[in-house]
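In: Just the structure for this:
(chains A and B)
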Amino acid sequence: MTISFILNGEDVSLNARSYDRLADALREHFGLLGVKADCRRGVCGKCLILLDGRLAPSCLLPVFRVRGREVITIEGFSQTDEFADIMKGFAEAGLETCGFCDSGKILATAALLERQARPSAREILEEMASVPCRCTDPETMVKGVQAAAELKARRHYRRASQ
Amino acid sequence: MRASEVYFPDSLPALLDLVRRMPDAVIYSGGTEILRGQSEPYARLPPEVISICGLSELRQVALTERFVEIGACVTIAEILELRENAVPELFALALRGIGTPALRSLATIGGNLASTSRFMDAWPALACLDALVELRDASGSRWVNVNRLAGSDGAPDFPAGNILVRLRLPLDRWDLVVLRKVGTRDYPSKDTAVFALATKAEKGILSEFRLAFAGQIALRLREIESKFIGRRLPLESKQRSAFAEEYHEAAADLSPRLRLQFGTLVDGVLDLLSR
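Out: Numbering: from 1, shown residues only, chains lettered A, B, ... in the order given. Next up is the predicted model:
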């Protein structure tokens, strides 16, 4: 079956079988290697994407589930101003993620800041439960996300006042 | 591997027609429960799959002063993001206990209620709140109490050939709500259950007392509940002991671990009502 959807801002179509998982399709058909299918149970957080702006594990999505929807991977997200805010915020807080979880934590931060401009520590840690990698201590994680929130808010303020 | 046939109905009547023609087809909403236990590269799906997540009729949320109606394909994350007090606190507590935020953005409330193995997550809270569900089949639509999704033996028993269209939750004020998820992550098992409790009082008199739990079986003990109603607060110690005894008796068939947890919960609530 042919499934059409929006991938990183572009209309794409994919001839997929019912049993193909989105995580594998993104890697194999589109070469988006920032998506890593590891546990295939929606637990490890390495295959996270933004599906219509919400964080979702792509290993739990058969390709037919994204028909007509918008998918953003870390490759697409890295072209945005939000990505720059998050990277700068993480750096300011001294937050260094590892190669396994970095895309998941960045996208989780993006999804959270989209809903909540100034998230509390509890909200941040709850959102990060989607990426259970232990490379970062919770306190630094909170500082990093809050620094990113601050940078994003400032950028929006600057844009609004121009 | 053999590919499944996937159908994308574009309306509720089209969905009902597909269900009538293919009674063994699997209704695919969030799909988290279907794929959760599969770690192979390919998703194992039944020969016929009906994908319903794009059906707008199943994705509506309607809020009035007295109740909220939530479509079956609204995700858990979307429900939790509704404005404050849009859903009863007990229901929100139950939803927050489901998976991670990423899983909650795929999992739907209809899938949670219709799937035997996830039934326990939201059912106790909904049973406590006397929520209604709209079921539709080829013969028409009907509203039933969420209690009807459990059989007479308490086991989850979603009526075959029916589509869960939406649920309706009354927006009553509650004075005390408690939700406890106990046991291991590997459920359903005999040692895992969710308990939900809601009480309210008017002028110092207990006007509602509801307690439901679901594990391998789902129960709401209406007989004991009715004995609470009309009691003056705080409960006298004699009444407290009598109620505690009744609930401990009702829990006799649970596993030792659950019985202990259930007893602790009931004792804690009775202590609160006795102060």
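In: Can you tell me which residue is spatially central in chain A?
Out: A:Leu107 (2.1 Å; Cα atoms, centre = their mean).
In: what helix or strand does that residue sit in?
Out: When secondary structure is defined by DSSP states H and E, A:Leu107 falls within helix A:102-115.
In: What's the mean pLDDT across that helix?
Out: The pLDDT scores in helix A:102-115 average 96.
In: Say whether chain B is contacted by the next helix-or-strand element following it.
Out: Remark: after helix A:102-115, the chain's next helix or strand is helix A:121-128, criterion DSSP H and E. Yes: using Cβ under 8 Å from any Cβ of the partner chain, helix A:121-128 reaches chain B at A:Glu126, A:Glu127. Bear in mind the C-beta positions are built from the backbone N, C-alpha and C, glycine included.
In: Buried residues in helix A:121-128, which are they?
Out: Neighbour-count burial for helix A:121-128, counted by 16 or more other Cβ atoms under 10 Å in any protein chain shown, picks out A:Glu123, A:Ile124, A:Glu127, A:Met128.
In: Report the inter-axis angle for whatever helix or strand comes next after that helix versus helix A:102-115.
Out: Using DSSP H and E, the helix or strand that follows helix A:121-128 in sequence is helix A:138-161. Interaxial angle, helix A:138-161 versus helix A:102-115 (axes from the mean of the first three to the mean of the last three Cα atoms, to 10 degrees): 50 degrees.
In: Now do the contacts for the residue nearest to the centre of chain A.
Out: When contacts are counted by Cβ atoms under 8 Å, 6 or more residues apart in numbering or on different chains, A:Leu107 touches A:Leu48, A:Ile49, A:Leu50, A:Leu55, A:Ile72, A:Ile74, A:Phe77.
In: what's the spacing between B:Lys200 and B:Leu206?
Out: 8 Å (Cβ to Cβ, to the nearest Å).
In: Next, count neighbours for B:Arg166.
Out: Counted by other Cβ atoms under 10 Å in any protein chain shown, the residues lying close to B:Arg166 total 24.
In: Confirm it sits in a strand?
Out: Yes: with DSSP: H, G, I helix; E, B strand; the rest coil as the criterion, B:Arg166 is assigned to a strand.
In: rewinding a little: which residues are in contact with each of B:Lys200 and B:Leu206?
Out: Common neighbours of B:Lys200 and B:Leu206, using Cβ under 8 Å, 6+ apart, do not exist here.
In: still on that earlier bit, where helices are concerned, which of the contacts of A:Leu107 count?
Out: Counting by DSSP state H, the contacts of A:Leu107 place A:Ile74, A:Phe77 in helices.
In: and stretch A:64-80, which residues are buried?
Out: A:64-67, A:69, A:71-78.
In: Can you tell me which of these lies closest to B:Ile229?
Out: A:Arg65 (46.0 Å; Cβ to Cβ).
In: For the stretch 101-250 of chain B, list the residues in contact with chain A, please.
Out: Contact residues (Cβ under 8 Å from any Cβ) of the stretch 101-250 of chain B with chain A: B:Pro101, B:Ala102, B:Leu103, B:Ser105, B:Leu106.
In: Give me the subset of these lying in helices.
Out: Per DSSP H, those map to helices at B:Pro101, B:Ala102, B:Leu103.
In: Tell me the confidence at B:Asp191?
Out: So B:Asp191 comes in at 80 (pLDDT).
In: contacting residues around it?
Out: Counted by Cβ under 8 Å, 6+ apart, B:Asp191 has contacts B:Gly183, B:Thr184, B:Ser255, B:Arg257, B:Leu258.
In: pLDDT below threshold where in the stretch 101-250 of chain B?
Out: B:152-154, B:185-188 (pLDDT under 70).
In: now the helices for it?
Out: B:101-104, B:109-114, B:119-128, B:222-228, B:237-250 (DSSP state H, counting those that start in this stretch).
In: Show me what the second one is in contact with.
Out: Contacts with helix B:109-114, where a contact means Cβ under 8 Å, 6+ apart, come from B:27, B:29-33, B:58, B:70-76, B:79, B:95, B:98, B:118-119, B:121-123, B:126, B:133, B:146, B:149, B:158, B:164, B:167.
In: for the shortest one, same thing?
Out: Outside helix B:101-104, the residues that touch it by Cβ under 8 Å, 6+ apart are A:42, A:45, A:48, A:55-57, A:60, A:108, A:111, A:126-127, A:129-130, B:32, B:75-77, B:80, B:95, B:98.
In: Give me the neighbour count for B:Ser189.
Out: B:Ser189: 14 surrounding residues under other Cβ under 10 Å.
In: I'd say it and B:Gln216 touch.
Out: Yes: B:Ser189 lies in contact with B:Gln216 (Cβ atoms under 8 Å); the separation is 7.3 Å.
In: buried sites along stretch B:189-209?
Out: Quick answer for stretch B:189-209 (16+ other Cβ under 10 Å): B:191-199, B:201, B:206, B:208-209.
In: Likewise for stretch B:113-125?
Out: Applying 16+ other Cβ under 10 Å to stretch B:113-125 flags B:Leu113, B:Ala114, B:Ser115, B:Arg118, B:Phe119, B:Met120, B:Asp121, B:Ala122, B:Trp123, B:Pro124, B:Ala125 as buried.
In: can I get those residues in CSV with distance to B:Met22?
Out: Output for those, formatted as CSV (distance: Cβ to Cβ, whole Å):
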residue, distance to B:Met22
B:Leu113, 22
B:Ala114, 17
B:Ser115, 19
B:Arg118, 23
B:Phe119, 24
B:Met120, 29
B:Asp121, 28
B:Ala122, 27
B:Trp123, 27
B:Pro124, 32
B:Ala125, 33
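In: Can you pull the residues of chain A lying near chain B?
Out: So far as Cβ under 8 Å from any Cβ goes, chain A lies against chain B at A:1, A:17-21, A:24, A:37, A:39-43, A:45, A:48, A:51, A:54-57, A:59-62, A:64-65, A:67-68, A:108, A:111, A:115, A:126-127, A:129-130.
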